[in-house]
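Student: Dropping the sequence and predicted coords here.
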Amino acid sequence: MIHSISVLRQSLFPAASQTARLPARVVQAISDHDNTSEVVIKFIQLAIITVMAVLYFLSPKRGDPDLQWTVPFAIGLYICLTLVGLVWATRARIPDWAVYASIIFDMALLYSLIWSFHIKYGQPPSFYLKSPTLMYVFIFIGLRTLRFEPRFVLVAGLAAIIGWVGMIGYVAFSDSKDMMITRDYVTYLTSNSLLIGAEVEKIILILLVTGTLTLSLHRAKGILERALSDRDAAQTFSRFFDSDVAQELRESDLQLRAGEGVNRNAAILMVDLRGFSKAAQAMQPSDVMSMLGQYQKRLIPIIQRNGGSIDKFLGDGILASFGAAHVDEEFTVGAVRTVEEILADFKTWGDDPLLARFASGGIGIALSSGKIVFGVVGDDHRLEMTVIGSAVNLCAKLEKYNKDLGSLAVIDKATYEKALESGFDPKFEPKLTSGKIVDLGRVQEVYAYGI
């Protein structure tokens, strides 16, 4: 009971700290949703009032002609105010006081229409208590669930209850001499008598629907805030991951845990800037980061558009994989094409002020392929997606082998020829060479570029 009262209180007067804990961009996203919802609400209100107007003007009218103008006037006024609200909602955020006013006016219009029935048909006031038009009250309450503000639903329900109590009071006091109160349901339905229990039941139903919707929306708002906050965090953190890796994380059905991985056939690419450390020592930190940013800005799109995934940045080095984050039967084609496109881009570095110092032999690229493990390392507090295996070790050693050959790029023979077999159309003519790689401890055949 205490919890329910607390929830209702929070619905009417949400704690400032609750919103304060959310990032400003998440609060703005919720506000944008509410603004859009308010436009939808106005269109639905126009549809409802149109239906009411059509039904009113098509129905036969009896009673005092001098009072028949009241309903058309109320309908016309409501249409005008709704159109004003629609224009307002499309141009700016509607303030809370205007929403509350709209809620009250919704109920006032509905009850004015119901009240007019006894005049329209020349009957005593108790006649309108049996009108099925009262069911529209649930539509007006339900409309407020389109915004994630439980207090609007609660106010709509309270306005409906207060309004109906007023309608009952009008019946009781305006015709107190001839008012017939009955306890017989049949008499109630077949006469203009008043059954107190029936009216109390209507009020209870409105209260129950309002309470249910308010509590449901309160929970839904909490879920929305967490979802938007998580989405915002995911979008922010995804910038620290390669797009393929981020997608793999989003689409995974299982919670990632350290030590989990999958076996894949993949290609491993390493790119390194020659002489970067020496150049960085003579530069301002901001200039170093600008240079790195420009270098990565040029290479990363090349890698990604050919199906590669950035595994990590190793200072001025880049480690990428093809066919690891997702299965790709022709991963060697994209990998070798990436090497050639990076080399083509490298030829233009002389025109880039930030990279010009590396334009003459200032890059080293290596590519190898084989079975690797793509998975998660770390602990429960920090996880990292990575690639592990002999192909990764070979790639690292081949990258260093560039210095011995004086080459810009080397690709192990098996990887290059597999790409050719898969339909790769080379734009360069690398030289097949072989030599003993000291770190590897054996002779390795490679295709070398730039020697």
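Tutor: Happy to help now that I have it.
Student: Residue ranges in the stretch 1-150 of the chain under the pLDDT threshold?
Tutor: Low-confidence segments of the stretch 1-150 of the chain (pLDDT under 70): 1-30, 56, 59-71.
Student: now do 50
Tutor: 12-20 (pLDDT under 50).
Student: Now do the domain split for this protein, please.
Tutor: Listed domain ranges for the chain are 2-238, 247-449 (source: automatic domain parsing).
Student: So which of those is the most surrounded?
Tutor: domain 247-449 (a mean of 17; mean count of other CB atoms under 10 Å). Just so you know, the C-beta spots here come from the backbone N, C-alpha and C atoms, and that holds for glycine as well.
Student: so who does the closest residue to G450 other than its chain neighbours touch?
Tutor: Spatial nearest neighbour of G450, chain neighbours left out: L408 (3.4 Å); criterion: CB to CB, 6 or more residues apart in numbering. Neighbour list for L408: L343, F346, G361, I363, G364, I365, N402, Y449, G450 [criterion: CB atoms under 8 Å, 6 or more residues apart in numbering].
Student: try it again with 10 Å
Tutor: The contact partners of L408, taken as CB atoms under 10 Å, 6 or more residues apart in numbering, are 274, 339, 342-343, 346, 361-365, 402, 430, 448-451.
Student: Filter these down to just the ones in helices.
Tutor: If you go by DSSP state H, the contacts of L408 have V339, I342, L343, F346, N402 in helices.
Student: My read is that the third one contacts P426, right?
Tutor: No: assessed by CB atoms under 10 Å, L343 is found out of contact with P426, at 11.3 Å.
Student: if we take the ones in helices among the contacts of L408, which one ends up nearest to M167?
Tutor: Nearest to M167 among these is I342, at 77.9 Å by CB to CB.
Student: Correct me if wrong: that closest one contacts V271.
Tutor: Yes: with contact defined as CB under 10 Å, I342 counts as touching V271 (6.7 Å).
Student: Can you work out which residues contact both of those two?
Tutor: L299, I302, I303, I318, I363, I365, A409.
Student: Give the helix, strand or coil label for the fourth one.
Tutor: Following DSSP: H, G, I helix; E, B strand; the rest coil, the label given to I318 is strand.
Student: From I203, how far out is it?
Tutor: 69 Å (CB to CB, to the nearest Å).
Student: Would you state the strands of the stretch 351-451 of the chain in chain order?
Tutor: 363-378, 383-388, 409-412, 431-437, 442-449 (DSSP state E, counting those that start in this stretch).
Student: Tell me who's in contact with the spatially closest residue to E341 that is not a sequence neighbour.
Tutor: In this structure, E341 finds its nearest non-sequential neighbour in I302, 4.8 Å apart by CB to CB, 6+ apart. Counting by CB under 10 Å, 6+ apart, I302 touches V271, G308, A320, R337, T338, V339, E340, E341, I342, A344, D345.
Student: one more time with 7 Å, if that's ok
Tutor: Contact partners of I302, counting by CB atoms under 7 Å, 6 or more residues apart in numbering, are T338, E341, I342, D345.
Student: Can you give me the distance of R219 to F138?
Tutor: 20 Å.
Student: Apologies, that question was intended for G163.
Tutor: Separation of G163 from F138 (CB to CB) stands at 13 Å.
Student: Also K400?
Tutor: Separation of K400 from F138 (CB to CB): 74 Å.
Student: got it, and E149?
Tutor: 18 Å.
Student: now the host helix or strand of K278, how far from the centre of its chain.
Tutor: Assigned by DSSP states H and E, K278 belongs to helix 276-281. Mean-position distance between helix 276-281 and its chain equals 42 Å (CA atoms, centre = their mean, to the nearest Å).
Student: Dump the C-alpha coordinates for the very next helix or strand once past that helix into CSV.
Tutor: Toward the C-terminus, helix 276-281 is succeeded by helix 285-305 as the next helix or strand (DSSP H and E). Provided in CSV are the C-alpha atoms of helix 285-305 (Å, rounded to 0.1, in the frame of the first residue of the first chain):
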residue,chain,number,x,y,z
PRO,A,285,51.0,16.2,-28.2
SER,A,286,48.1,17.8,-30.0
ASP,A,287,50.0,17.6,-33.3
VAL,A,288,50.8,14.0,-32.7
MET,A,289,47.2,13.1,-32.1
SER,A,290,46.1,15.2,-35.2
MET,A,291,48.6,13.2,-37.3
LEU,A,292,47.4,9.9,-35.9
GLY,A,293,43.8,11.0,-36.5
GLN,A,294,44.5,11.9,-40.1
TYR,A,295,46.3,8.6,-40.7
GLN,A,296,43.5,6.5,-39.2
LYS,A,297,40.8,8.6,-41.0
ARG,A,298,42.3,7.7,-44.3
LEU,A,299,43.0,4.0,-43.7
ILE,A,300,40.0,2.9,-41.6
PRO,A,301,37.3,3.5,-44.3
ILE,A,302,39.5,1.5,-46.8
ILE,A,303,39.6,-1.4,-44.3
GLN,A,304,35.9,-1.3,-43.5
ARG,A,305,34.5,-1.0,-47.0
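Student: quick revisit: hmm, which of the ones in helices among the contacts of L408 is lowest in pLDDT?
Tutor: Among the ones in helices among the contacts of L408, N402 carries the weakest pLDDT, at 89.
Student: Cross-check the contact I'm expecting between it and V410.
Tutor: Yes: counting by CB atoms under 7 Å, N402 does reach V410; the two are 5.9 Å apart.
Student: Quickly list what's touching both of the two.
Tutor: A366.
Student: Per-residue pLDDT of the residue nearest to E341, please?
Tutor: 94.
Student: List the residues that contact T133.
Tutor: T133 neighbours (CB under 7 Å, 6+ apart): L113, I114.
Student: Offset the numbering so it begins at 470, please.
Tutor: That works, and once the first residue is 470, the last one we named lands at T602.
Student: where's it relative to M521, distance?
Tutor: In terms of CB to CB, T602 sits 8 Å off from M521.
Student: which residues are in contact with both of those two?
Tutor: Joint contacts of T602 and M521 (CB under 7 Å, 6+ apart) are L582.
Student: Which residue is the nearest non-sequential neighbour of A883?
Tutor: Closest residue in space to A883, ignoring its immediate chain neighbours: S838 at 7.1 Å, by CB to CB, 6+ apart.
Student: from what I can see that neighbour touches S790, true?
Tutor: No: S838 lies out of contact with S790 (CB under 7 Å); the separation is 9.7 Å.
Student: So for the two, which residues contact both of them?
Tutor: Listed as contacting both S838 and S790 by CB under 7 Å, 6+ apart are A735, A736, I737.
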